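Student: Got a sequence here, can you build the structure:
(4 chains)
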There are 2 protein chains.
Amino acid sequence: MVMERPVQKRTLETRARLIAAAEAAVARTGFEALRVEEIVLAAGVAKGTFFAHFKDKDALMDLLIGSRIDAHLDAIETAPAPRSPEDLVDRLMPLMTFMTCERYVFDVILRRSGAAAIEDIGPIARTFERYVRVVSTWIAGSTFRRDVPPDILAEGVQAFAIQVMALRFCALHVGDGLREPLLTFLDAWLCPRVRPSD
Amino acid sequence: MVMERPVQKRTLETRARLIAAAEAAVARTGFEALRVEEIVLAAGVAKGTFFAHFKDKDALMDLLIGSRIDAHLDAIETAPAPRSPEDLVDRLMPLMTFMTCERYVFDVILRRSGAAAIEDIGPIARTFERYVRVVSTWIAGSTFRRDVPPDILAEGVQAFAIQVMALRFCALHVGDGLREPLLTFLDAWLCPRVRPSD
DNA sequence: CAACAGATATGACCACGGTCAATTAAGGAG
DNA sequence: CTCCTTAATTGACCGTGGTCATATCTGTTG
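Tutor: Next comes the predicted model:
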């Protein structure tokens, strides 16, 4: 007879130990310096066990980074509709600051923001959908332009945010903050001031 | 006495052989499957020699991919100003198709599009500047909106192009072409139709 | 309880990018 | 031509992510 076995308690414990060890290591040395070896040693399991729980190192990163992004979204999603592009930028700033805390983190985010197959859509990819949903809702309740649907506008906001973050790691533009350039784009995107005769 | 020695002929030959071997391998199996070992064997040099010529594997990829992007830009830069967003999309399509020919290629492009230090700005990063310059020139000669400077508009075009290409590798949107979604964005970006009273 | 089946864990092993002290070639000076 | 300095090349070696056949554990069934 076919028996569907529930996940063993042991499994959850091991997984929790791995994640805890990883978080601790990140807190100590940041994301980039994280080594699978290090996690496995701290968690007291064999290397192979790590890969029984996570498809690869990126999958763990996805989880850790994704949960931080989610925390940022939790903090802002219930905010009222922004009154201006400045408002919008203010809300997005903490998230963007986190996303650019390390070059490596930003790379992982880009790599994981879209998944090749439905079955391996990871936490980060989900946060990207959520991001668009949140921003779209804000825009729907705002006084920004109405000639384009809110979800398209929201995707545009995401595109500009990524553009600006990428610029931050570019030698030519380093030192420029995130805020000012993003504001330039969002102002033009959300509040176009073309003359009607044009 | 201080003698500045010119680069030896041998060096150029070795470098040329490495690049030729790499190009041949790419033609055979694509970018992703490229192995340093393979290149080095085909070129008849030791592994260490490879890294004497290229900082790392990514640097070679940067070169190969960058030169292809440049070829695409060569082909379109002298075109006259686009009359419509459709026109603009048409011109950008071949380049975008190349950039998304392999997931790995797109990843390299993203990773290399900005350089951490001035001294290691690579070919791809340069093509990104060139891209913006070309599009900016087009826009300056077009009938698109005038309330935002052409170079900002051009950077926006780049941001949307990247957004759309990223979407292409996303399971949820696979199958959507590049053209239609990009057109949606560029229409809203370049030809906003807000009512003056808004 | 014993026997069993499937889920978990193990660690030796591999693939591949990258390093570096040692070696060899190039070509100018005498 | 020989000597000498610097550039170029070599390949054994390393770090790290990832695999997989084997061993162990767990909960179930009779």
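Student: Helices along chain A, start to end?
Tutor: A:9-29, A:36-43, A:47-53, A:57-76, A:85-99, A:103-112, A:123-140, A:150-168, A:179-190 (DSSP state H).
Student: Let me see the domain layout of chain A.
Tutor: Domain assignment of chain A by automatic domain parsing yields the ranges A:1-54, A:55-190.
Student: ok, the first one near DNA strand C or not?
Tutor: Same thing as domain A:1-54. Yes - Domain A:1-54 lies within reach of DNA strand C by Cβ under 7 Å from any atom of the strand, at A:3, A:5, A:7-8, A:10-11, A:13-14, A:45-49, A:51-53. Just so you know, the C-beta spots here come from the backbone N, C-alpha and C atoms, and that holds for glycine as well.
Student: quick one: pLDDT of the residue positioned nearest the centre of chain A?
Tutor: The residue lying closest to the centre of chain A (Cα atoms, centre = their mean) is residue A:69, at 4.7 Å. The per-residue pLDDT reported for residue A:69 equals 98.
Student: what about residue A:164, how many neighbours?
Tutor: A count of neighbours around residue A:164, defined by other Cβ atoms under 10 Å in any protein chain shown, yields 27.
Student: for chain A, which spans come out with low pLDDT?
Tutor: A:1-6, A:195-198 (pLDDT under 70).
Student: Go again with 90.
Tutor: Scanning chain A with the threshold set as pLDDT under 90 gives A:1-10, A:114-120, A:168-177, A:194-198.
Student: who in it is up against DNA strand D?
Tutor: So chain A meets DNA strand D at A:1, A:3, A:5, A:8-10, A:34-37, A:47-48, A:51-52, A:56-58 (Cβ under 7 Å from any atom of the strand).
Student: PyMOL command for the buried members of the residues you listed?
Tutor: The PyMOL selection below is limited to those of those classed as buried (16 or more other Cβ atoms under 10 Å in any protein chain shown):
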select buried, chain A and resi 34+36+57
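Student: that older thread, give me every residue that touches the residue nearest to the centre of chain A.
Tutor: A:95, A:98-99, A:109, A:123-124, A:127, A:131 (Cβ atoms under 8 Å, 6 or more residues apart in numbering or on different chains).
Student: The residues of chain A next to DNA strand D: which ones sit near chain B?
Tutor: Counting by Cβ under 8 Å from any Cβ of the partner chain, nothing from those sits close to chain B.
Student: check contacts around residue A:187.
Tutor: Contacts of residue A:187 by Cβ under 8 Å, 6+ apart are residue A:85.
Student: Ignore what I typed, I meant residue A:189.
Tutor: With contact taken as Cβ under 8 Å, 6+ apart, residue A:189 is in contact with A:153, A:156-157, A:160, B:156, B:189.
Student: Tell me which two in those are the farthest apart.
Tutor: Spatial extent of the contacts of residue A:189 (Cβ to Cβ) is set by the pair A:153 and B:156 at 13.1 Å.
Student: Quick check: residues of chain A near DNA strand C?
Tutor: Looking at DNA strand C, the residues of chain A close enough under Cβ under 7 Å from any atom of the strand are A:3, A:5, A:7-8, A:10-11, A:13-14, A:45-49, A:51-53.
Student: how does it look with 6 Å?
Tutor: A:5, A:7-8, A:10-11, A:14, A:45-49, A:52 (Cβ under 6 Å from any atom of the strand).
Student: which among those gets closest to DNA strand D?
Tutor: Using Cβ to the nearest atom of the strand, the shortest approach to DNA strand D within these belongs to residue A:48, at 3.1 Å.
Student: picking that back up, point out the most buried one among the domains of chain A.
Tutor: domain A:55-190 (a mean of 18; mean count of other Cβ atoms under 10 Å in any protein chain shown).
Student: What is the end-to-end distance of that domain?
Tutor: Chord length of domain A:55-190, first to last residue, is 40 Å (Cα to Cα, to the nearest Å).
Student: How far does it sit from its chain's centre?
Tutor: 7 Å (Cα atoms, centre = their mean, to the nearest Å).
Student: now stretch A:24-34
Tutor: 18 Å.
Student: Keeping just the C-alphas, turn it into CSV.
Tutor: Output in CSV follows, covering the C-alpha atoms of stretch A:24-34 (Å, rounded to 0.1, in the frame of the first residue of the first chain):
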residue,chain,number,x,y,z
ALA,A,24,25.4,33.6,11.7
ALA,A,25,28.2,33.5,9.1
VAL,A,26,26.6,36.2,7.1
ALA,A,27,26.3,38.4,10.2
ARG,A,28,30.0,37.9,10.8
THR,A,29,31.5,38.2,7.3
GLY,A,30,28.8,39.2,4.9
PHE,A,31,27.2,37.3,2.0
GLU,A,32,30.1,37.2,-0.4
ALA,A,33,32.5,35.5,1.9
LEU,A,34,30.1,32.7,2.7
